Structure formats: C-alpha cells, structure tokens
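*Asks:* here is my input; please provide its structure:
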Amino acid sequence: MVYRGCSKFVKQGLCLLCFVAVFVCSFSRGWCDERGETEALTIESITRRIQDTKDRLLRDSQGLSLTYTLGAFANPEFEFGLSGNATICNIIKWPELYIDVTGVNVEDGSLFHRTSVYDFLHHRTVALDPQSQKATIYPARFFFSSGHSDYYKYLHMAEGHQFYRDGVPFTQEPTVPECFARGDYHVAGIEEIDGERCVHLQKPGDDIWISLDHGEYVHKREMTSGPGEPHPVETRVLSYRLVDPSTDFWIPQRIRRKDYYGPADDPDKQGQVKLGLEINVTEVSQGGIDEAIFVLNIPVGYHVSDLLVEEKYYVKQTAFEKLMDGSHWIISTLIVLALLIVVPLISFLLYSRRQARVE
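*Replies:* As a prediction, this is how the structure comes out:
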C-alpha cells in the first residue's frame, strides 16, 4: 500500500514536471522565435522589404487602377473643404499617374472636378479644372505633390511629398523607406496592433508600425508633421484587400488619418482632432490600362498657368488664333515699311509734277 501510494505520488509529480517542462519549452521557443525574428528585422532588411512593397504598388508593370472615396469624419473647422465624400480615380502605370477627383464644395454646393496627369519621366504635370476653365502646368519631380493623391500619402509612400512651388520640405521626412536613411530609427520590437502583427520602428517624435501580415505597409504611424506649423498626425490602416491571390498581393482598403491641433493652435484644443479623414477603396484592378488616358489636352479657351519655369499665364487658342496673334507684328512691320517707302515716293512724285509745271 505504501509503495502504491508513493508510486501514485511520484506519477503525479512526474506528470506535473512534464507539464511544466512543456510549458517552459513552448514559452521559451516562442520567446526565442520572436526575439530571433526581431533581431533578424534590421533597418536594412525592413527597408528592402518596404521598397519591394512600394515598387509593387507604384511601379507594377501591368499598372494599377484604384477608385476610392475620401471623406471627413471629424471636420470642426471645415478644413476638408468638400461636402460628403470625394470620389477619386487613380490610375498608375509608371512613370505616369492619372488622377480624377469629383466632389461638392462646402461653401456654395458647387461641383468640384479636377483631372491631373503626372509624367514623372519628364517632370511635368497638367491639371484641368473644367468648372473654372483653368489649366495648371507644374513640375512633377516632387512625386505626388497633388492634394488629391491622398491614398499614397496616407500610406507614407508618396515619394518626395513637398510643396511643388516653394520646394519646402516637411519638418520630418514623411515617406518610407526613405526616412530610414537618416540612421536615427531603431527596431523597438514586434507588436500586435488590432490583430495585425507589426514591427515597431521608432525615433524621437516618430513611431511607425510596419505590417508583417499583408505586405510591408505602414499599418500605423504617429508623428509630427509640418511644414509651417508642426502638429501631431496619426494614420492607421483599418482593413486590407486581396488583389492577386496567386502572388499574395494585398493593398490597404480602409485608411484613417487624424490631424490634431498643434502648439500654434488654441491651447484649449490641444489633443483634439482638427481634421479626421478616411479613405475607402471601392474598386481595384491590375492591368488592362489604356495608355491614352495619360494624354491630357488643354481645351481651347482655358486660362493656363504655366509654372514649369516661371509664372506665365495665357489663354489657350486655336491654331488660326495663334496665327492671327503672330501676324500682328507682320502687319505692324508692313505699315512701317509703307510709311518709309510710300510717303517719300508720293512726296517725290508731287515734287516732280510741280517742277514740270514750273518749266
């Protein structure tokens, strides 16, 4: 009986010991795996992976078409400027980008419609505003400088996001992975954000969480943005959409951005959302792009602002109108020649006739 009791006690102890051993091994394996993965995810390796995702999104050889809505869920100062949602169509086949935006203006309820074509190879952008019959030509070397390429900006993948006229850089480099070249970011670890496994990159004033589950996109970012009046900004991907199952190509479907009141604003509003915007992709497709869409002709009669070299304004004319405008100097020249030749000739003839009468 004593032997049996001891045997039973020993068996229970062995079972408990085995359970503890399995638990410790599992925990240590998970901890080691996570630690090993964190150590493997260096800034250099993360930069390469983000660039691969970025090239896939922006420079896919087939091209990518996106249609999405953009609306404000927090807009106390009417910063957004549009009533309800704007509908944006983005078609990109590198090095060209087509953007078409429609919406309703807050101030007077009028239709807002703007179409732009970017040619990044020749650093040229043409933007048309049919309502005001205006066209603007400006450099495209600051990739996605338009206020309507928000999808790429909210992912912090809009390369060289600057003001195209002044070339004023933001207080912090806003794009990834270019911002990591400074060398002041470090890998803080692997974290889960709303069920999304992310690698956390950090520097003073900037926290970036890169998705590890749906492509290396910026899943969340908390930073200070500018350039004029720096203020806190937060972006977050709410959901993803599978584009190509064969290559496991995902894109962010819903993205939310919050701009907070900054130090230059009312102190009582610090920490409050000044402008909250949300993007929702409704259509996406790869390939099948008609490249004629990247040819944007300026209609006759449009007022053109050419900012490529300097500020130059003119009215688009027909070929005949241009000819007539160009012929003004010819007519003026002929009049001057007539005065120089005909008047002396008439004077000579009158003088000759007078001399003949005298004789």
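
*Asks:* buried stuff in stretch 96-110?
*Replies:* For stretch 96-110, the neighbour count (16 or more other CB atoms under 10 Å) marks E96, L97, Y98, I99, D100, V101, G103, V106 as buried. Glycine gets a C-beta too; all of them are placed from N, C-alpha and C.

*Asks:* which members of these are the farthest-apart pair?
*Replies:* Spatial extent of the buried residues of stretch 96-110 (CB to CB) is set by the pair E96 and V106 at 31.5 Å.

*Asks:* measure T136 to G205 for me?
*Replies:* 34 Å (CB to CB, to the nearest Å).

*Asks:* who has more neighbours, those two?
*Replies:* Of the pair T136 and G205, T136 is the one with more neighbours under other CB atoms under 10 Å, namely 19 against 12.

*Asks:* so what's that one scoring on pLDDT?
*Replies:* Confidence at T136, expressed as pLDDT, is 91.

*Asks:* try A319
*Replies:* 55.

*Asks:* same deal with the one 3 residues further on?
*Replies:* Per-residue pLDDT puts K322 at 52.

*Asks:* which stretches of the stretch 1-150 of the chain form helices?
*Replies:* For the stretch 1-150 of the chain, the helices defined by DSSP state H, counting those that start in this stretch cover 2-40, 43-58, 150-154.

*Asks:* quickly, which of those helices bottoms out on average pLDDT?
*Replies:* Taking the mean pLDDT of these, helix 2-40 comes last: a mean of 48.

*Asks:* so where's the stretch 101-250 of the chain shaky on pLDDT?
*Replies:* 141-148, 159-174, 226-228 (pLDDT under 70).

*Asks:* just the strands in it please.
*Replies:* Listed in chain order, the strands of the stretch 101-250 of the chain (DSSP state E, counting those that start in this stretch) span 111-119, 124-129, 134-138, 186-193, 196-203, 206-211, 218-225, 231-244, 249-260.

*Asks:* closest one to V300 among those strands?
*Replies:* Across those, closest to V300 is strand 134-138 (CB to CB), at 11.0 Å.

*Asks:* and stretch 209-222, end to end?
*Replies:* From its first residue to its last, stretch 209-222 covers 9 Å (CA to CA, to the nearest Å).

*Asks:* so A158 makes contact with S149?
*Replies:* Yes: using CB atoms under 8 Å, A158 is in contact with S149, at 6.0 Å.

*Asks:* of the buried residues of stretch 96-110, closest to Q270?
*Replies:* Distance to Q270, by CB to CB, is smallest for V106 among the buried residues of stretch 96-110, at 25.4 Å.

*Asks:* ok, the closest residue to the closest one other than its chain neighbours - contacts?
*Replies:* Spatial nearest neighbour of V106, chain neighbours left out: S83 (5.0 Å); criterion: CB to CB, 6 or more residues apart in numbering. Contacts for S83 (CB atoms under 8 Å, 6 or more residues apart in numbering) come out as G103, V104, N105, V106, G109.

*Asks:* and what of P130?
*Replies:* H113, T115.

*Asks:* number of residues surrounding the closest residue to F80 other than its chain neighbours?
*Replies:* With sequence-adjacent residues excluded and distances taken as CB to CB, 6+ apart, F80 is closest to A72, at 4.0 Å. Using other CB under 10 Å, A72 is surrounded by 20 other residues.
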